[in-house]
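In: model this:
(one chain, ligands or ions: 1)
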Amino acid sequence: MKLAPNLHRIGNDIIAVYLVETPDGITVIDAGLRGHWKELLAELSDMGRSIADVRGLILTHGDTDHVGFAERLRREHGVPVYVHADDVERAKGVKQPKPGGPKNDLGPKRLGAMLGFFAYALRKGGMRTDYLTEVVAVSDGDVLPLPGSPVIIGLPGHSPGSIAIYVPVADAVFVGDALTTRHVLTGRTGGQPAPFTDEPQRALDSLSRIEDLPVAWVLPGHGSPWHGSPRALVAAVRSAAV
Ligand SMILES: [Zn+2]
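Out: Numbering: from 1, shown residues only. Model (predicted):
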């Protein structure tokens, strides 16, 4: 699905993957679940492109619902996969995220949304994780040698190596699970903190690092794309957190 001339999304509001297209090729942001592979191929074909045009994949963090087809893309097509140094072990399946999530107020509506998430994950092969075996570690402030010259902004909190990826030519910042516009468990929409966050307060504090970016799009890993200022979205997240 095309969001803007050089900005595409696959997946849906449950789990999203983004593509930035420039004359130099394509940068992929996050890799969803294994089963998103077919959607990647279909989207590339709609764009008149192929997998050979993909120059790199950047993970917003190392959680399994973002690692999806990354290892396949790397192993079968030689595409480098970039992840923050502090999430390398997580992306390789060495260090598992802390168990967490809301333990209260699991009403029927929430249960339905949660079952929806897991049913979707099952359909997309998410219950089997193909962990990465090789990655390129990145740090805060790096500008990657990929289409769109993505800028890495450290946003620790959801995980130690969570990042935002700022791509000026796409007029966008990709934020992974530093915030969400749809709670994967409850189905509630609107700007809010993401569940399964290691350090909630640190995650909120990190958001000040993106709120002044001059972009039209803020693109989370879960939930609908935000077409508006980062400042307004960050304010919504902060007020939903209290
Ligand atoms: Zn996620």
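In: please report the distance of Gly176 from the ion.
Out: To the ion, Gly176 is 7 Å away according to C-beta to the ion, to the nearest Å. All C-beta spots, glycine's among them, are computed from the backbone N, C-alpha and C.
In: what about that residue, how many neighbours?
Out: Taking other C-beta atoms under 10 Å as the neighbour definition, Gly176 ends up with a count of 28.
In: how far away is it from Asp65?
Out: 10 Å (C-beta to C-beta, to the nearest Å).
In: any common contacting residues for those two?
Out: Gly221 (C-beta atoms under 8 Å, 6 or more residues apart in numbering).
In: enumerate the residues of this protein near the ion.
Out: The chain has residues Asp65, Asp177, Gly221 near the ion, with proximity defined as C-beta under 5 Å from the ion.
In: show me the one in those residues that has more neighbours than the rest.
Out: Of the residues of the chain next to the ion, Gly221 is surrounded by the most neighbours, 30 neighbours in total, counting by other C-beta under 10 Å.
In: nearest spatial neighbour of that residue, skipping sequence neighbours?
Out: Closest residue to Gly221 apart from its sequence neighbours, by C-beta to C-beta, 6 or more residues apart in numbering: Gly176 at 4.7 Å.
In: how about Gln192?
Out: In space, Gln192 comes closest to Ala240 once its chain neighbours are excluded; the distance is 3.9 Å by C-beta to C-beta, 6+ apart.
In: host element of that neighbour?
Out: Under the assignment given by DSSP states H and E, the secondary-structure element containing Ala240 is helix 230-241.
In: now what about that helix, what contacts it?
Out: Outside helix 230-241, the residues within contact range by C-beta under 8 Å, 6+ apart are 173, 179, 181, 190-193, 200, 204, 207-208, 210-213, 215, 218, 226.
In: quick one: Val169 is in a helix?
Out: Yes: according to DSSP: H, G, I helix; E, B strand; the rest coil, Val169 belongs to a helix.
In: list the contacts for it?
Out: Applying C-beta under 8 Å, 6+ apart, we find Val169 in contact with Asn6, Val20, Thr22, Gly148, Ser149.
In: looking at those residues, which are in strands?
Out: Here DSSP state E is the test, and the contacts of Val169 give Val20, Thr22 as lying in strands.
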